[in-house]
Structures are given as structure tokens and as C-alpha cells.
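> I would like to see how this sequence folds:
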Amino acid sequence: TPRLAGTVNWATATVIGVFAGMLYGGSKEAAASVSKDAEVMLKLGSTPDKREQYRLMRDAMEKRFLRVTRGSIVGGVRLGMFTAAFCGLQNLLAEKRGVHDVFNVVGAGSATAATFGLIMPGSLQWRARNVVLGSVLGAAFCFPLGWIHLKLVEKANEGNITAKEPGQREEAKSGLGAAIERLEENLKK
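Predicted coordinates for the structure are as follows:
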């Protein structure tokens, strides 16, 4: 079936989410390891043996590399899973309902946040609280974002198909092509 205008490409969004999560997780771990580097520098100053200094520095660099790598992988997997779940649910709701509107975004955000609240560590009561809180916050956060997304899609698709003569339609243009033509028409006036 043809995709509805404004629906998100699931695979592209997931890949972008994975890379953004890797960047965030790696940079967070790199920033956190600054204090550990200071400890190594203190040890280096108190050790007169050059071999011992080299060993301490090598060990510190290996640990930092492993921390940053682990942070990148974990961050990428977490944000990638969240993005995949959100975009997949959004597209599923749009396909099943037959319309792309703000309620698809709200439903996907609410369900995704509730699911991730369920898999967080803690007791059963704590998880139930996280599910309810995630559901409410997901819907509250996604409603304005969904509305803005819908308005941007409408604006981008405005004038995609124009009529040259009655009954005759011009070839459908991309949102960018139509926007450029509208801008050129406005500048000519």
C-alpha cells in the first residue's frame, strides 16, 4: 500500500536514532572520565619510574577507550530501540486508521514511553508507576510535537499538485520543489 503523506520512514529514523544515541552515549562517558584522568595524573606525578608511568598511562587510556566504546554502544542501542518502537507504532497506527494525524504520534509516544517504563528496573509497583507516568508524559510530550509535525507536513505538501487547466494536473513535485516554486512566484509579484 502507498504510504500516507507525512509518515516517517522507519528504517531511516532508526539508523539516525542509533547514531545519535552512540554520539550521546560516547560523549557522556568521555565527559565522565575526566575526573578519572585527574586521578591518573596524580599517580603519574608520584611515580618516579618511567616504566610504571607508561604502564599507568596505557591502562588509563585502555579503560577510557573501553568506557567510551561501551557508552556509545549502549546509548546507540537504547535510543535506536526507542526510535524504532516509536516510528513503527506511529506507522502502524497510521496504516490501521487510514489517516496520518496527531493522534498517531500521541498514541505511539504514549505506548513507547509506557513500554520503556515497564522494562526499567525496580519492583512491580515501581514499574506500574513508571508505566502510568510514561504513558501520560509520552502523550503530553508528543501532542505538541505531533501537531507541529502535522502542520509542517501540510505546509511542505501545499501546492504539490497544481492544476494547469481544469481537469489537467501537473506532475506531483516533492515538498521542496513545490516550496521553491511558491517562493519564486511570491518573489515575482
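> low-confidence regions, this structure specifically.
1-6, 37-39, 42-45, 159-176 (pLDDT under 70).
> and after the lengthiest helix in it, which helix or strand comes next?
Ranked by residue count and defined by DSSP state H, the top helix of the chain is helix 50-97. Per DSSP states H and E, the first helix or strand lying C-terminal to helix 50-97 is helix 102-118.
> what's whichever helix or strand comes after that following helix packed up against?
Along the chain past helix 102-118, the next helix or strand (assigned with DSSP H and E) turns out to be helix 124-157. Counting contacts by 3 or more CB pairs under 8 Å, 6 or more residues apart in numbering; DSSP states H and E, helix 124-157 is packed against helix 102-118, helix 175-188. For every residue, glycine as well, the C-beta is placed using N, CA and C.
> which strands and helices sit next to the shortest one?
On a contact count with 3+ CB pairs under 8 Å, 6+ apart, helix 175-188 meets helix 124-157.
> could you give the angle of the helix it packs on to helix 102-118?
Helix 124-157 and helix 102-118 are oriented at 150 degrees to each other (axes from the mean of the first three to the mean of the last three CA atoms, to 10 degrees).
> got the angle for helix 124-157 vs helix 175-188?
Using the same axes, to 10 degrees: helix 124-157 against helix 175-188 is 50 degrees.
> buried set for helix 124-157?
Neighbour-count burial for helix 124-157 flags 130-131, 134-135, 138-139, 142-143, 146, 149-150, 153, 156-157 (criterion: 16 or more other CB atoms under 10 Å).
> next one: stretch 61-69
64, 67-68.
> so what touches it?
26, 29-30, 32-33, 36-37 (CB atoms under 8 Å, 6 or more residues apart in numbering).
> now, the residues you listed that are in helices?
Going by DSSP H, the helices hold 26, 29-30, 32, 36-37 from those.
> buried members of the residues you listed into ChimeraX, please.
To isolate the buried members of the ones in helices among the contacts of stretch 61-69 in ChimeraX, using 16+ other CB under 10 Å:
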select :26,29
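> now do the same contact list for Arg127.
Contacts of Arg127 by CB under 8 Å, 6+ apart are 117-118, 120.
> nope, Met22 is what I was after
72-73, 75-76.
> pretty sure Gly76 contacts Val18?
Yes. With contacts counted by CB atoms under 8 Å, Gly76 reaches Val18, the gap being 4.5 Å.
> excluding chain neighbours, what is closest to Ile16?
Leaving out its chain neighbours, the residue that sits closest to Ile16 by CB to CB, 6 or more residues apart in numbering is Thr83, at 7.3 Å.
> and if you look at Leu79?
Once flanking residues are discounted, Leu79 sits nearest to Gly21: 2.8 Å by CB to CB, 6+ apart.
> can you check what angle separates the one helix or strand the one you found maps to from helix 50-97?
Assigned by DSSP H and E, Gly21 belongs to helix 10-32. If you take the same axes, to 10 degrees, helix 10-32 sits at 150 degrees to helix 50-97.
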